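In: can't give you the sequence, but here's the structure:
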């Protein structure tokens, strides 16, 4: 086993540190994307309620869209689905308890092959 030149060792460590920083930055971007999914779902459900839309259908389609988008950009599909479902229920909570019931029923279980886990509390 040969010893690495101290100058090269410093370069290798620097590259390693930059890669770790990049991965951490990517994690922050992924968290921001998941938060965006949740806020978007919340807004879509509230907007649908304002125009008399089918909240269950809107919520389910929102989760399906989150799953599809997550697959396309390499996000964790379960996290994206959960964020969309949770956001949709939060939006429904700003409408009525009946809206919450409809949305919860629409986003619970498996959607597009993904088990959707709703995270509480919704406040």
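Out: Structure's in. What do you need? Just so you know, these numbers come straight off a predicted model, no measurement behind them. Residues are numbered from 1 along each chain as shown.
In: for stretch 52-65, what is the average pLDDT?
Out: For stretch 52-65, the per-residue pLDDT values average out at 93.
In: ok, now how distant is residue 37 from residue 67?
Out: Residue 37 is 10 Å from residue 67, where distance means CB to CB, to the nearest Å. Placement of C-beta: from N, CA and C, glycine included.
In: before we move on, what about residue 74?
Out: Per CB to CB, residue 74 is found 13 Å from residue 67.
In: The two - which one has more neighbours?
Out: The residue with more neighbours, out of residue 74 and residue 67, is residue 67; 22 against 9, by other CB atoms under 10 Å.
In: List the residues that contact the more buried one.
Out: Residue 67 makes contact with 77, 80, 81, 84, 111, 112, 114 under the criterion CB atoms under 8 Å, 6 or more residues apart in numbering.
In: mind checking the backbone torsions on the closest residue to residue 78 other than its chain neighbours?
Out: In this structure, residue 78 finds its nearest non-sequential neighbour in residue 114, 6.0 Å apart by CB to CB, 6 or more residues apart in numbering. Here the main-chain torsion angles of residue 114 (degrees, to the nearest 10) amount to phi -110, psi 130.
In: now the strands for this protein?
Out: 109-111, 114-116 (DSSP state E).
In: quick one: which of those is nearest residue 93?
Out: Put simply, out of the strands of the chain the one that sits nearest residue 93 is strand 114-116, at 17.2 Å, with distance taken as CB to CB.
In: Thank you, goodbye.
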